[in-house]
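In: Provided below are the primary sequence and the corresponding predicted coordinates.
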Amino acid sequence: MMAEGMATAGDEAVDEALLLDIDGYEGPIDLLLSLARDQKVDLTRISILQLAEQYLAFVAEARRLRLELAADYLVMAAWLAYLKSRLLLPDPQPDEPSAEMLAAALTLQLQRLEAMQAAAARLLAQPRLGRDRFARGAPEDLPIFAKSRHDLGLYDLLKAYGDIGSRQARVTPFTIPVTELYSIEEAVARLEAMLGKLPDWSHLDALLPAGWRGRGVKARSLLASSFVAALELAKAGQLELRQEGAYAPIFLRARRGEG
Amino acid sequence: MSDLFDSDFQLVRLLEAILFASADPVPEGVLQSRVGAVPVRPLLAQLENLYRHRGVNLVASGGRWAFRTAADLGDKLRVEIEVTAKLSRAAVETLSIIAYHQPVTRAEIEAIRGVATSKGTLDILMEAGWVQPGRRRETPGRPLTWITTPHFLDHFGLGSLRDLPGVDDLRAAGLLDRAAPMPSLPGLGTGEG
Amino acid sequence: MSDLFDSDFQLVRLLEAILFASADPVPEGVLQSRVGAVPVRPLLAQLENLYRHRGVNLVASGGRWAFRTAADLGDKLRVEIEVTAKLSRAAVETLSIIAYHQPVTRAEIEAIRGVATSKGTLDILMEAGWVQPGRRRETPGRPLTWITTPHFLDHFGLGSLRDLPGVDDLRAAGLLDRAAPMPSLPGLGTGEG
């Protein structure tokens, strides 16, 4: 159901410029904010449902075009699909936050980022030293502060310490070059990172990196490794798997109820 | 009488020379120590007034005083000086979050931006002399906080943090509150990572 | 008439700002080119006159113009001459190790840096007032340990030693592992550039 929602929404016209600029976004919240601006209403009156659909369409289109999407974007897609279903259906569990509360929290998140982006623009427009205002070009060496003999700042100190650490790191053991295949370790790490943030049952396909549908050995290794990783994590008790029948889609979610 | 006037005048001249000679803003306390028992603030006010409409102005920023060329002449002066390097978007957003939310932890910065802070972002801001580590937050994990420096105020022509553009409106709108909206939202950064 | 005055006034302001911000005395020809068709000499004379009795004077030398602090204030400006010397890399690294690992012996510092520490290095740091000897370590040979001073905290604007950024903070800020190899496979994208 979630996967279908993502697929059908793909028909909506997604601005090509938006897609081409995928690297230009500072994460999913930033992308959502850009989409929200298209609604041309105040953020407090934004339609979260419409926004969720736009985002899901964006992700579907990016996957169709085989654009590489970072895991964060896929987690957000799974979460928005979940939010969308919660907004459309009556709230089943009274002990969970209501769909409206989740939507309101997302709105506040968007407002905060928008406020900071606007503040950043205003900050940069301030009359800046070295661009609009200038300091004395020929300072005379007067010992005005007369305190310290050395001009050493905190940054220099921390950088020196960092350099020692980096120098030592460089003589650490030889590492085996990474193969072109997608390893199970990578898949486990990737799934683990996404796991805690998944809202509910999520389609395994939807969580895979773009390009796994290809024919190449690399693409197949992606699917195989991710599937094995899902099994490993299920065995370790970190997630639950569900499949309705043979060859049916595989769903997974973080294991509930710790302990 | 004329003697008093003279001595005031001499002190103003002295302050003028000290401030002219220094490229960096001079703390008011240091200036006070140079004029002895006479309160330094009225002398500085005199000097500030004298230069108010000139090509060079006396400005206070974070309790420090400095002469700076008038902002309206920026266009005509810029020819000679190379333009400062362009900051990445991540760096600018991170800087404004630190400025408006300080003291703020890295996890809180990430919660607002919705992405992990890439290596090199805080590094660049620190190298520019705009941010520095503040006190650790007394919460589990004792995370480090980040704050802006006096040089940040000087660079952006701000007298104090209260002069940050729009800061009062943002505070009134609750957009500078520390609490994250809801822990279950994705992409909000992890507690401490 | 008043228009002329206004524009003259603006040109004097511009000259004032240029002369203030310039690192070297500015040739009169360059100043002329910045004010267009208006003869620059009378404008400079105005400016010279304006500053004649102030703490800063406009002086011409060899056809170049510059602001200089008034000669009669020289005595009052000089407090005590201190030469600011650049610290050696060894000294800065040693200081950072003492800050992070204190109390720490010289042998331990050398083990961390991977090279021998010359006696002079610790002397320089001690002279700067940043480090001091701590207790002797109760191990064979009872080696002396080194610790930082309260002045160290003052100088670097730290509230306490606990406010020093931890290794994780440094790594996150991009100050550690600068040369770390990047994973070469796609699909591991971290969302940052």
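Out: Looks like it came in fine.
In: is the lowest-mean-pLDDT helix or strand in chain B in proximity to chain C?
Out: Ranked by mean pLDDT, DSSP states H and E, the weakest helix or strand in chain B is helix B:2-21, scoring a mean of 80. Yes - using C-beta under 8 Å from any C-beta of the partner chain, we find that helix B:2-21 touches chain C at B:12, B:13, B:14, B:15, B:16, B:17, B:18, B:20, B:21. Where C-beta positions appear, they are placed from N, C-alpha and C, glycine not excepted.
In: between the residues you listed, which is closest to residue A:228?
Out: residue B:21 (70.1 Å; C-beta to C-beta).
In: what's around that closest one, how many residues?
Out: Neighbours of residue B:21 under the rule other C-beta atoms under 10 Å in any protein chain shown: 23.
In: dump the residues of helix B:2-21 next to chain C to CSV, plus distance to residue C:155.
Out: Converted to CSV, those look like this (distance: C-beta to C-beta, whole Å):
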residue, distance to residue C:155
B:12, 31
B:13, 31
B:14, 27
B:15, 25
B:16, 28
B:17, 26
B:18, 22
B:20, 26
B:21, 22
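In: now find how far off-centre the strand or helix carrying residue A:36 is within its chain.
Out: Element membership for residue A:36, per DSSP states H and E: helix A:28-38. Relative to its chain's centre, helix A:28-38 lies at 13 Å (C-alpha atoms, centre = their mean, to the nearest Å).
In: show the end-to-end separation of stretch A:242-252, please.
Out: With C-alpha to C-alpha, to the nearest Å as the measure, stretch A:242-252 spans 6 Å from end to end.
In: quick one: is that stretch near chain B?
Out: No - Stretch A:242-252 does not reach chain B (C-beta under 8 Å from any C-beta); its nearest approach is 15.8 Å.
In: before we move on, what about stretch A:183-200?
Out: Yes - among the residues of stretch A:183-200, A:196, A:197, A:199 lie within reach of chain B under C-beta under 8 Å from any C-beta.
In: could you measure from the second one over to residue C:119?
Out: It refers to residue A:197. For residue A:197, the distance to residue C:119 (C-beta to C-beta, to the nearest Å) stands at 55 Å.
In: then residue A:251?
Out: Going from residue A:251 to residue C:119 by C-beta to C-beta gives 68 Å.
In: list of residues touching the helix holding residue A:36?
Out: With C-beta atoms under 8 Å, 6 or more residues apart in numbering or on different chains as the contact definition, helix A:28-38 has outside contacts at A:15, A:18, A:25, A:43, A:46, A:51, A:54-55, A:58, A:72-73, A:75-76, A:106, A:109-110, A:113-114, A:117, B:113-115, B:186-187.
In: likewise stretch B:87-96?
Out: Around stretch B:87-96, the neighbours that count as contacts under C-beta under 8 Å, 6+ apart are A:26, A:116-117, A:119-120, A:123-124, B:109, B:113, B:117-118, B:121-122, B:124-125, B:130-131, C:192-193.
In: swap in 7 Å and give it another go.
Out: For stretch B:87-96, contacts defined as C-beta atoms under 7 Å, 6 or more residues apart in numbering or on different chains pick out A:26, A:116-117, A:119-120, A:123-124, B:109, B:113, B:117-118, B:121-122, B:124-125, B:130-131.
In: Produce a ChimeraX select command limited to the buried residues of those.
Out: Restricted to buried positions by 16 or more other C-beta atoms under 10 Å in any protein chain shown, the ChimeraX selection for the contacts of stretch B:87-96 reads:
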select /A:26,116,117,119,120,123 /B:109,113,117,118,121,122,124,125,130,131
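In: next, the buried residues of stretch A:109-122.
Out: By 16+ other C-beta under 10 Å, the buried positions in stretch A:109-122 come out as A:109, A:110, A:111, A:112, A:113, A:114, A:115, A:116, A:117, A:119, A:120.
In: so after whatever helix or strand the first one lives in, what's the next helix or strand?
Out: Put plainly, it is residue A:109. For residue A:109, the element it lies in under DSSP H and E is helix A:99-124. On the C-terminal side of helix A:99-124, the nearest following helix or strand under DSSP H and E is helix A:154-170.
In: is that next one up against chain B anywhere?
Out: Yes - Helix A:154-170 lies within reach of chain B by C-beta under 7 Å from any C-beta of the partner chain, at A:154, A:155.
In: next structured bit after that helix?
Out: Note on helix A:154-170: by DSSP H and E, the next helix or strand toward the C-terminus is helix A:184-195.
In: and whichever helix or strand comes after that following helix, average pLDDT?
Out: Per DSSP H and E, the first helix or strand lying C-terminal to helix A:184-195 is strand A:202-203. Confidence over strand A:202-203 (mean pLDDT, whole number) is 84.
In: cool, stretch B:156-172 as well?
Out: On average, stretch B:156-172 scores 92.
In: quick check on residue B:135: phi, psi?
Out: Main-chain torsions, residue B:135, degrees, to the nearest 10: phi -70, psi 160.
In: just residue A:67 next, same as before
Out: phi -80, psi 140.
In: surely it touches residue A:210?
Out: Yes - with contact defined as C-beta atoms under 7 Å, residue A:67 and residue A:210 form a contacting pair (5.9 Å).
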